[in-house]
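# I would like to see how this sequence folds:
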Amino acid sequence: MPRLYTLSQARRSLPAIAAVVTVMRKRALRLDELTAISSSMQRSSGADGGQVVGDDSEIQAEITKLEGQIVSLIEHIQEQGVEVKDVRRGLVDWRAERDGREVYLCWQHGERTLSWWHEIADGFAGRQPIVASEWV
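Prediction:
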């Protein structure tokens, strides 16, 4: 059974989760850059009759390293009972209870605090502002 957070518990955990999310996002964005570079090198080498533009083994090694780091960071967040919804956006959810049903408390990288919630089935598009008095 997934952990259920209260609003205050989730907000107290936010600084630590946000720090991990920041690192995770940086790794993911770097991974995207390296993947694009590697892909470009492969297209270039095939487009001109097979001439090799450069050895991308170092890039591939860094890609593999970054992929492993991202997986570890996701696992660390999940061990806290927090769900990673989008690595690149830094979108995470805490399960909580509202009016007897499970919902998500929702935070995205760049937001100052945990200010949104949504129904489990609604996802990010269904986010609603948290009114603290409704979460007592």
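# From residue 58, how far off is the closest residue in space to residue 89 that isn't next to it in sequence?
Nearest in space to residue 89, with sequence neighbours left out and distances taken as Cβ to Cβ, 6 or more residues apart in numbering, is residue 108 at 5.9 Å. From N, CA and C alone the C-beta is placed, and that goes for glycine too. Between residue 108 and residue 58 the computed distance is 33 Å (Cβ to Cβ, to the nearest Å).
# Neighbour count: these two, which is higher?
More neighbours surround residue 108 than the other of residue 108 and residue 58, with 17 against 10 (other Cβ atoms under 10 Å).
# My read is that the more buried one contacts residue 90, right?
Yes - shown here, residue 108 and residue 90 form a contact pair, counting by Cβ atoms under 8 Å, at 6.0 Å.
# Which stretches in the protein count as helices?
With DSSP state H as the definition, the chain shows helices at residue ranges 7-47, 57-79.
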